[in-house]
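1. all I have is the shape, not the residue letters:
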């Protein structure tokens with residue numbers, strides 16, 4: 001049995017989840033199972049399992065988060081299809097039995113890795129937006145963060161996800177086409193207000209173009225791994241994006257920032 005106060009929830013950027021669980025956070029009321037708890041807070045016209053998918057990230061313990069984070073690094077380095085559950089367990093230094101305490105099979109592992117990765121990136125993006133009011137500064141920091149984390153991505157990642165793990169692929173696609181696009185759209189709106197970006201832009205169109213170009217960055221057929229790496233490709237994309245939308249005032253600020261930070265953009 002458990003109650004939310006005892007469990008120690010991690011707050012994530014999911015307003016729908018937080019809204020529904022808020023009355024229970026300080027409650028001492030125990031529940032026999034997670035499903036029992038979910039049925040207490042999900043309305044009759046809501047799919048309990050759909051809500052569970054959003055909610056389950058809150059229940060990850062430190063070991064599970066560590067396993068998913070390290071597995072994500074393995075997938076990025078070696079690809080997904082080539083990695084067996086034995087390979088993952090061996091690389092993580094744990095038994096396969098321990099690995100199966102947290103996932104039911106490889107597809108479940110890939111899905112959970114993607115869910116964890118997406119939620120982490122949402123938190124980072126939201127934090128950067130909150131810290132950096134200046135639209136160009138925010139894009140700089142976002143570019144640095146992405147380049148540091150995803151400097152080397154196996155060229156088969158997109159193909160492996162789409163063909164063998166469609167559920168995980170859909171999670172990534174929703175993140176890219178909705179969250180990333182919306183984030184960039186708001187950044188453009190802010191930049192226009194600040195005079196840093198041209199005022200004749202269509203924020204919606206530009207943001208969707210940017211989000212779709214992101215997928216090309218990891219396309220091994222377009223950019224063969226023996227010739228290009230993700231860090232350089234993303235740098236070119238960000239340079240192309242910022243210089244293409246910057247106003248005269250924005251270009252002056254951009255040049256000064258590049259000079260001050262010694263950053264190649």
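-> Right, received. Where do you want to start? The model shown is predicted, which means the values in this text are computed figures rather than measured ones.

2. I'd say residue 99 and residue 92 touch.
-> Yes: with contact defined as CB atoms under 8 Å, residue 99 reaches residue 92; the gap is 7.3 Å. Every residue, glycine included, has its C-beta placed from N, CA and C.

3. the two: who's more crowded?
-> Using other CB atoms under 10 Å as the criterion, residue 99 and residue 92 rank with residue 99 on top: 18 against 15.

4. against residue 75, how distant is the more buried one?
-> Separation of residue 99 from residue 75 (CB to CB, to the nearest Å): 14 Å.

5. same question, residue 108
-> Residue 108 sits 14 Å away from residue 75 when distances are taken as CB to CB.

6. so between those two, which is more surrounded?
-> Remark: of residue 108 and residue 75, residue 75 carries more neighbours, 25 against 15, as counted by other CB under 10 Å.

7. and the more buried one, that one's in a helix?
-> Yes: judged by DSSP: H, G, I helix; E, B strand; the rest coil, residue 75 forms part of a helix.

8. that one: what's it in contact with?
-> Residue 75 is in contact with 83, 110, 113, 154, 157, counting by CB atoms under 8 Å, 6 or more residues apart in numbering.

9. one step back: hey, what's in contact with both of residue 99 and residue 92?
-> Residues touching both residue 99 and residue 92 (CB under 8 Å, 6+ apart) are residue 67.

10. where's residue 219, which helix or strand?
-> Using DSSP states H and E, residue 219 is not contained in any helix or strand.

11. which non-adjacent residue is nearest it?
-> residue 158 (6.2 Å; CB to CB, 6 or more residues apart in numbering).

12. assign that neighbour to helix, strand or coil.
-> What three-state DSSP gives for residue 158 is helix.

13. distance of it relative to residue 69?
-> For residue 158, the distance to residue 69 - CB to CB - is 20 Å.

14. do the same with residue 124
-> Counting by CB to CB, the gap from residue 124 to residue 69 is 13 Å.

15. of these two, which one has the most company?
-> With neighbours defined as other CB under 10 Å, residue 124 and residue 69 compare such that residue 124 has more, 16 against 13.

16. flag the shaky bits of the stretch 151-265 of the chain, pLDDT-wise.
-> Flagging of the stretch 151-265 of the chain using pLDDT under 70 yields the residue ranges 151-152, 262-265.

17. which residues of it fall in helices?
-> 157-164, 166-174, 181-193, 203-216, 230-245, 248-261 (DSSP state H, counting those that start in this stretch).

18. about what we covered before: possible to save the contacts of residue 75 as TSV with neighbour count and distance to residue 230?
-> Listed next are those as TSV, based on neighbours: other CB atoms under 10 Å; distance: CB to CB, whole Å:
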residue	neighbour count	distance to residue 230
83	20	19
110	24	19
113	25	18
154	22	10
157	20	10
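
19. closest one of these to residue 249?
-> residue 157 (38.4 Å; CB to CB).

20. how much space between the nearest residue to the closest one once chain neighbours are set aside and residue 173?
-> Leaving aside its sequence neighbours, residue 157 sits nearest to residue 218 (CB to CB, 6+ apart; 5.7 Å). Per CB to CB, residue 218 is found 13 Å from residue 173.
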